[in-house]
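Peer 1: Predicted model follows, preceded by the sequence.
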Amino acid sequence: MQSAWAEGHSAFDQHVITQRLAPKGLADWKAWATEQVTAFQRASSAVEGRNGALAQLHHNQRGLPKQRYKVWTVLHNFDCRALDGTTPAVRFFRRTFPDLFETVLSQIEVLPRPRQHPYNGGTKLLTS
């Protein structure tokens, strides 16, 4: 690793662009590169599930709205099932919970009907 670092550092120092940059500009670029490297997290496996998705979003520096964290946590705890069919909430609290989506759907009222186009059975809006 040290020899690879030495080769990379040597190539960086000898590159045309780095030789032409002002010291302040070069320092700014190095600070930016250091920030990017510290944001990188090596994944423990190719597929990491929810944590991998969160880490990737943070790595991409898009972040997540605060409400989405809450939603993903609820989805993870009450809907992700193990091989035995239990959710993390069932295993933690040692009791059953109603189905998450059935509960959400039961809270949604009947949706309004879409507006009809004036010439497809709706009231005629334009007078001729």
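Peer 2: Right, received. Where do you want to start?
Peer 1: what's the weakest-modelled helix or strand in the chain?
Peer 2: helix 49-59 (a mean of 69; mean pLDDT, DSSP states H and E).
Peer 1: distance of residue 5 from residue 11?
Peer 2: From residue 5 over to residue 11 the distance is 11 Å, taken as Cβ to Cβ, to the nearest Å. C-beta here means a position set from N, CA and C on the backbone, and glycine is covered the same way.
Peer 1: and what of residue 73?
Peer 2: Looking at residue 73 against residue 11, where the rule is Cβ to Cβ, the gap reads 45 Å.
Peer 1: Also residue 89?
Peer 2: With distances defined as Cβ to Cβ, the gap from residue 89 to residue 11 amounts to 53 Å.
Peer 1: mind giving me the domain split of the chain?
Peer 2: Following automatic domain parsing, one gets these domains for the chain: 2-39, 61-106.
Peer 1: what's the distance between the last one and the middle of its chain?
Peer 2: Okay, so that is domain 61-106. Taking the mean of its C-alpha atoms, domain 61-106 sits 17 Å from the chain's own mean (Cα atoms, centre = their mean, to the nearest Å).
Peer 1: begin at 882 from here
Peer 2: Let's use 882 as the start, then, which means that last one is domain 942-987.
Peer 1: if we can go back for a sec, any chance of the domains of the chain in a markdown table, plus mean neighbour count?
Peer 2: Listed next are those as a markdown table, based on neighbours: other Cβ atoms under 10 Å:
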| stretch | mean neighbour count |
| --- | --- |
| domain 883-920 | 10 |
| domain 942-987 | 11 |
